[in-house]
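K.L.:
pasted the sequence and its predicted model underneath.
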Amino acid sequence: MFKGILIDKHEEIYSVKLENIDESMLPEGDVSIDVHYSSLNYKDALAITGQSPVIRRFPMIPGIDFVGTVTDSSHPDYTVGSQVILNGWGVGEVHWGGLAQKAQVNGDWLVPLPSLFDPLQAMAIGTAGYTAMLCIMALERNGITPDKGDILVTGAAGGVGSVAVAILSKLGYKVIALSGRGEEETAYLKSLGAAEIISRSVLSEPGRALGKEQWAGVVDVVGSHVLANACANTKYGGVVTACGLAGGMDFPATVAPFILRGVSLIGIDSVMCPKEFRLQAWQRLEEDLDITLLENIAVEIGMSEVISAADDLISGRIRGRRIVNVNR
């Protein structure tokens with residue numbers, strides 16, 4: 001038996017409980033893992049609160065990422081004792097995820113734990129930090145270097161935003177951090193390296209098709225009007241990366257920024273991202289993230305706190321990351 005957060009649905013009744021689960025219920029997979037830490041991401045919070053139909057199969061253990069130690073493997077890349085990370089690949093949606101003490105998965109979904117990170121640090125970064133790094137790599141691939149201009153990071157006090165601010169500032173970019181809790185989070189965001197903090201309200205209402213050219217690049221986790229206005233205020237030839245929908249799935253924009261200023265809008269998917277980019281992202285995280293900042297970004301919680309923390313995350317009351325110690 002092992003402990004896990006189990007979500008089930010019977011005749012439209014949605015239930016979420018911390019349960020003792022029999023190991024025989026684990027789904028098929030060629031690698032078995034003792035999970036050390038998972039984390040609470042926005043998608044996990046949507047699944048736990050039932051506010052969005054994230055889960056495609058019931059019963060389900062949520063948790064889109066985890067770090068742990070291999071206990072059994074028939075996969076050629078992993079042996080017993082290997083430490084591994086999983087991000088995405090549908091875990092917590094169609095395959096049992098990381099908010100449990102044990103997992104059984106396809107070994108092709110795993111990457112080795114980077115040598116510079118211990119398990120706690122790896123999950124303090126987690127899917128949020130890995131996604132932030134994918135956004136930054138996309139900006140770089142498309143020619144957005146520090147000399148091209150400022151970078152806007154939306155949802156800057158959240159998980160993706162916090163890591164993005166920290167990395168971008170270390171790389172020499174001037175970061176403009178947008179947050180719905182601007183005044184409250186000013187000291188926190190400046191400690192991560194943000195040069196300027198603006199309120200989300202500046203971009204959250206319907207805006208003009210084209211605005212003032214303000215930034216060369218964007219890391220957006222909000223979507224909706226914020227993403228539309230971010231694009232409208234991007235400089236000629238700038239690049240906007242979109243990786244989230246905290247403000248909505250809609251995109252109430254015009255084509256003006258794209259056809260009049262040559263702005264590029266690039267979607268960032270962390271779930272099905274090819275392994276080569278995952279490995280590159282984790283390598284870059286080793287090189288470009290000041291791990292001393294993780295103590296400010298991440299807070300550890302136990303399994304019994306996950307359900308209430310999910311409500312707080314959806315309500316915008318959580319700063320940074322929540323690491324889940326599945327054995328606590």
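P.N.:
Ah, there it is. Numbers count the residues shown, from 1 in each chain.

K.L.:
contact partners for the residue nearest to the spatial centre of the chain?
P.N.:
For the chain, the residue nearest the mean C-alpha position is Ala128 (2.3 Å; CA atoms, centre = their mean). Neighbouring residues of Ala128 by CB atoms under 8 Å, 6 or more residues apart in numbering: Ser39, Asn41, Gly158, Gly159, Val160, Ser162, Val163, Arg321. All C-beta atoms are positioned from the backbone trio N, CA, C, and that covers glycine.

K.L.:
likewise Arg328?
P.N.:
Arg328 sits next to Glu300, Gly302, Met303 when contact means CB under 8 Å, 6+ apart.

K.L.:
next one: Ser264
P.N.:
Ser264 touches Asn142, Gly238, Val239, Val240, Phe258, counting by CB under 8 Å, 6+ apart.

K.L.:
with Met137 as the reference, measure out to it.
P.N.:
With the distance defined as CB to CB, to the nearest Å, Ser264 ends up 14 Å from Met137.

K.L.:
ok, back up a step: now, the contacts of Ser264 that are in helices?
P.N.:
Using DSSP state H, Phe258 are the members of the contacts of Ser264 that sit in helices.

K.L.:
got a winner among the contacts of Ser264 for most neighbours?
P.N.:
Gly238 (30 neighbours; other CB atoms under 10 Å).

K.L.:
was I right to think Gly172 contacts Pro146?
P.N.:
Yes: Gly172 is within contact range of Pro146, at 4.1 Å (criterion: CB atoms under 8 Å).

K.L.:
the more surrounded of the two?
P.N.:
Neighbours were counted for Gly172 and for Pro146 using other CB under 10 Å; Pro146 has more, 15 against 9.

K.L.:
OK, contacts around the more buried one?
P.N.:
Pro146 makes contacts with Leu171, Gly172, Tyr173, Lys174, as judged by CB under 8 Å, 6+ apart.

K.L.:
what's the distance between the first one and Thr69?
P.N.:
Computed as CB to CB, the Leu171 to Thr69 distance reads 32 Å.

K.L.:
of the two, who's got more company?
P.N.:
When neighbours are counted by other CB under 10 Å, Leu171 and Thr69 differ, and Leu171 comes out ahead with 18 against 15.

K.L.:
hey, which helix or strand in this structure has the poorest pLDDT?
P.N.:
Every helix and strand of the chain was ranked by mean pLDDT, DSSP states H and E. The lowest is helix 182-192, at a mean of 89.

K.L.:
can you name the residues in contact with that helix?
P.N.:
By CB under 8 Å, 6+ apart, the residues outside helix 182-192 that reach it are 156-157, 162, 165-166, 169, 177, 179, 197-200, 293, 296-297, 319-320.

K.L.:
out of the contacts of Arg328, who's nearest Phe58?
P.N.:
Phe58 has its nearest neighbour among the contacts of Arg328 in Met303, at 19.8 Å by CB to CB.

K.L.:
is that closest one in contact with Arg322, as I believe?
P.N.:
No: using CB under 8 Å, Met303 makes no contact with Arg322, being 11.8 Å away.

K.L.:
okay, those two: which has more neighbours?
P.N.:
More neighbours surround Arg322 than the other of Met303 and Arg322, with 27 against 19 (other CB under 10 Å).

K.L.:
looking at the more buried one now. What's its pLDDT?
P.N.:
We have a pLDDT of 96 for Arg322.

K.L.:
the closest residue in space to Leu116 that isn't next to it in sequence: helix or strand, and which one exactly?
P.N.:
Leaving aside its chain neighbours, Leu116 sits nearest to Glu286 (4.6 Å; criterion: CB to CB, 6 or more residues apart in numbering). Here Glu286, judged by DSSP states H and E, is contained in helix 275-288.
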